[in-house]
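Chemist: Need coordinates for the below:
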Amino acid sequence: MKAYVITTYGFTLLFTLTLLVHITRKENRYRGTYRYYVNLVAATALLTFIELISWLFEGLSGSSALFMNYSFNALLYALSALPITMWFIYSDYRIYFSRKVLKKRRYFYLAINLIMFLFVIINIQYPFLFKLNTSNEFVGLGGTLLTMTIQLVYLVVYLISTFIKRNQLSRKFVMNIFIALSLVIVASVIKGATGLPTIWPTMSFLCFFMFLHVERIEMAKDALTGLSLRKQLESRLIQLFKKEQNFSLIMIDLDKFKQINDSFGHVRGDQVLKDFAEILIGAIHKKDSAYRYAGDEFIILIENTNKKTIEKITDRIAIGLDAYHRMHEDLKDLDFSSGLLEFRPSETTTLEEVIAKVDQAMYEDKKQKNNP
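Modeler: All right, here's what the predicted structure looks like:
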């Protein structure tokens, strides 16, 4: 049994760490949910590591082995609710996209972790969670069932609260969360009934499941420019509609880009698109985002309607393009037209209408340049 458990946790830890390394690449670090998803995966890796170490000392003789086995098992109990808490925080942010919601629910997140720490402290003097026998083997006591019950109740309460608000939320993501947390419940019940190492492999698999079905979509970039994609823009706008949050859109279209393709070829045209994308990235703040909408059209999303912020971004783009002209004198005719839309929740509109309005504003700017 020991060899089987160690092998299972060893492969689980390796898999989880591989996922963690992949998602912590530099280009992913400024996505909205980055820190919460990383915390979830890291918490899963940490608890897998702790349980793996506890099993390595299981049954070994000597006072040091006894101390290490007890210490890692105590740490495992104390932190056992951490991955579940990270699931709650991650899913809440994915659902509401609001740190204010996370702040309001901080006591809900903290309570279960404080309970686990308190139980471990009590267990030192009055063993009711676990103990080690004379052979340095772990012996689970009645309190273990209590801790599992508390965590399962937390999971069920969270699922019920999410289900009640399902009509206000993204149906696909809510379904993913339901599947994930339901599997955690099943894995917990199986471990409690059989002792099989099911929880951390299940948690690791679910982290990967969310990566495939949710996070990977946000990580996707336009192959040429490295900017985010149109689908991601539309998804984010829908979230902002649901939050009833102000935002601004700047749609940009490169002027005379077709002439560049015709005169210098598509390879040079592709390089111009890459270079302009870098200008956009340099012009926006970390909280803003830039998207390649189609061809030589781009959209910048600013999640407020602050006119000074908008003016600074457009000025930076113009300054960046001027510097680009000085480095590439044969592209001095390259320019851009732009349209601005400021959205406020009081305005009843749809995603299609928002895009149509900012598109129309951009073409009005282009028309004025062509007919001064």
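Chemist: and residue 337, what are its phi and psi?
Modeler: Main-chain torsions, residue 337, degrees, to the nearest 10: phi -110, psi 150.
Chemist: go on, the one 3 residues further on?
Modeler: Residue 340 has phi and psi values of phi -120, psi 140 when expressed as degrees, to the nearest 10.
Chemist: For it, the count of nearby residues, please.
Modeler: Residues within reach of residue 340, counting by other C-beta atoms under 10 Å, total 18. C-beta coordinates here come from the backbone N, C-alpha and C atoms, glycine included.
Chemist: which outside residues touch whatever helix or strand residue 210 lives in?
Modeler: Element membership of residue 210, judged by DSSP states H and E, is helix 199-210. Helix 199-210 is contacted by residues 8-9, 12, 15-16, 19, 37, 40-41, 44-45, 47-48, 51, 83, 176, 179-180, 183-184, 186-188, 191 when judged by C-beta atoms under 8 Å, 6 or more residues apart in numbering.
Chemist: quick one: average confidence on that helix?
Modeler: Mean pLDDT, computed over helix 199-210, is 91.
Chemist: Next, the angle from the one helix or strand residue 185 maps to to helix 199-210.
Modeler: Assessed by DSSP H and E, residue 185 sits inside helix 171-194. With axes from the mean of the first three to the mean of the last three C-alpha atoms, to 10 degrees as the basis, helix 171-194 and helix 199-210 are set at 170 degrees to each other.
Chemist: Export helix 171-194 to PDB, keeping only CA atoms.
Modeler: Output in PDB follows, covering the C-alpha atoms of helix 171-194 (Å, rounded to 0.1, in the frame of the first residue of the first chain):
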ATOM      1  CA  ARG A 171     -23.600  29.000 -17.700                       C
ATOM      2  CA  LYS A 172     -20.600  27.300 -19.100                       C
ATOM      3  CA  PHE A 173     -18.300  28.300 -16.200                       C
ATOM      4  CA  VAL A 174     -20.900  27.500 -13.600                       C
ATOM      5  CA  MET A 175     -21.200  24.000 -15.100                       C
ATOM      6  CA  ASN A 176     -17.500  23.500 -15.000                       C
ATOM      7  CA  ILE A 177     -17.400  24.500 -11.400                       C
ATOM      8  CA  PHE A 178     -20.200  22.200 -10.600                       C
ATOM      9  CA  ILE A 179     -18.400  19.300 -12.200                       C
ATOM     10  CA  ALA A 180     -15.100  20.100 -10.500                       C
ATOM     11  CA  LEU A 181     -16.400  20.500  -7.000                       C
ATOM     12  CA  SER A 182     -18.800  17.600  -7.300                       C
ATOM     13  CA  LEU A 183     -15.800  15.400  -8.200                       C
ATOM     14  CA  VAL A 184     -13.900  16.700  -5.100                       C
ATOM     15  CA  ILE A 185     -16.900  15.600  -3.000                       C
ATOM     16  CA  VAL A 186     -16.800  12.100  -4.600                       C
ATOM     17  CA  ALA A 187     -13.100  11.800  -4.100                       C
ATOM     18  CA  SER A 188     -13.300  12.800  -0.500                       C
ATOM     19  CA  VAL A 189     -16.000  10.200   0.200                       C
ATOM     20  CA  ILE A 190     -14.000   7.500  -1.500                       C
ATOM     21  CA  LYS A 191     -10.900   8.300   0.500                       C
ATOM     22  CA  GLY A 192     -12.900   8.400   3.700                       C
ATOM     23  CA  ALA A 193     -14.500   5.000   3.000                       C
ATOM     24  CA  THR A 194     -11.500   3.100   1.500                       C
END
